[in-house]
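**Student:** sequence and predicted structure, then a few things I'm wondering about:
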Amino acid sequence: MKKINLAISGCLGRMGKQLIKSSKSNNNFKLVALTESKPLNKKIAGIKLSQNTDQTFENTDVIIDFTVPKCTLEILKIASKLKKKVVIGTTGFSQKEENSIKKYSKQISILKAGNMSLGVNLLMYLTEIASKSLNDEYLSKIFEAHHKHKKDYPSGTALMLGKGIANGKDKKFYSVIGKKFLNKKNFPYGEKINFNSIRKGEVVGEHEVLFSSGKEIIKLNHEAFDRALYSDGALSAAIWLRTKKPGLYSMRDLLNFK
Ligand SMILES: NC(=O)C1=CN([C@@H]2O[C@H](COP(=O)(O)OP(=O)(O)OC[C@H]3O[C@@H](n4cnc5c(N)ncnc54)[C@H](O)[C@@H]3O)[C@@H](O)[C@H]2O)C=CC1
Ligand SMILES: O=C(O)C1=N[C@H](C(=O)O)C[C@H](O)C1
């Protein structure tokens, strides 16, 4: 089968570097473009780094984006004009930006996931089942820990897990979001879902969903140790997206966790 011409944005970032490494050892891909936020006279894997322009992406089949929301929207504007497919791993979007992504997905195929790992998407599915199975005596809260460089909180994964709790109760997610704590030693359960985000060291990613009745606590936990987890998921998404018509897809569509 013809190789997928791949572009990676944010190529000097933690995920960008991981994606270059993982794509170079994956025969399904030919790396054709690498972008960064400013002009750099630098080559990686024989490819001259550039910025996000029509010309940069002209020869691309799929763009994988793990950057910042502003960059993602910049890429989607170009991708929708050139009819390119996009895998979005970036997190920290506002509601307005989420709505823009939805609008672009009417024109092009987009797979967007706050966490590209099989484990977290399975955890979200298990969270939905737990939330559906437990009565309203059980309150819930979500804990997450990441490296000290991470700017957004709660993490995209924590928000996914919160959505899993809401889905289990057949409620709108935004109606059940509680308090968002940062670097608290302890944090309370509430009538809504409270979040606590710890930023320390070089933690790759840890998430825990807790359900408590006061008489017992049920904990669902995921720990990531290697960013290859995410790049492998993103590359699988790029392959899966190849045959998909315009629309907004998630890893749950790819993994078939219904
Ligand atoms: N969905 C998932 O499975 C995962 C998502 N992430 C998310 O990916 C994003 C990036 O994470 P990291 O790689 O750790 O961050 P990072 O800060 O190490 O890398 C981001 C890169 O994007 C670049 N960038 C910013 N604006 C740009 C522009 N206009 N054009 C091109 N490049 C631009 C930056 O210069 C930087 O090199 C975060 O939102 C994070 O939450 C991270 C890991 C897994
Ligand atoms: O910034 C990170 O590192 C990660 N971000 C994603 C998130 O916001 O959930 C996914 C993963 O947890 C790593």
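**Tutor:** Received, thanks. Ligands and ions are numbered 1, 2, ... in the order given.

**Student:** of all the residues in this structure, which one is nearest ligand 1?
**Tutor:** With CB to the nearest ligand atom, the shortest gap between the chain and ligand 1 falls at Gly13, namely 2.1 Å. C-beta here means a position set from N, CA and C on the backbone, and glycine is covered the same way.

**Student:** from ligand 2, how far out is that residue?
**Tutor:** Distance check for Gly13 against ligand 2: by CB to the nearest ligand atom, to the nearest Å, it reads 10 Å.

**Student:** that residue against Asp65, yeah?
**Tutor:** No. Judged on CB atoms under 8 Å, Gly13 makes no contact with Asp65 at a distance of 10.5 Å.

**Student:** neighbour count: the two, which is higher?
**Tutor:** For the pair Gly13 and Asp65, the greater number of neighbours falls to Asp65 (29 against 17), based on other CB atoms under 10 Å.

**Student:** surely that one touches Lys85?
**Tutor:** No. The pair Asp65 / Lys85 is not scored as a contact, 11.2 Å apart, by CB under 8 Å.

**Student:** which helix or which strand is home to Asp170?
**Tutor:** Following DSSP states H and E, one finds Asp170 outside all helices and strands.

**Student:** for Ile64, grab phi and psi.
**Tutor:** phi -110, psi 130 (degrees, to the nearest 10).

**Student:** count the residues that sit near it.
**Tutor:** If you count neighbours by other CB under 10 Å, Ile64 ends up with 30.

**Student:** hang on, Phe181 in a helix?
**Tutor:** No. Using DSSP: H, G, I helix; E, B strand; the rest coil, the assignment for Phe181 is strand, not a helix.

**Student:** show me what contacts Ser94?
**Tutor:** When contacts are counted by CB atoms under 8 Å, 6 or more residues apart in numbering, Ser94 is found next to Pro69.
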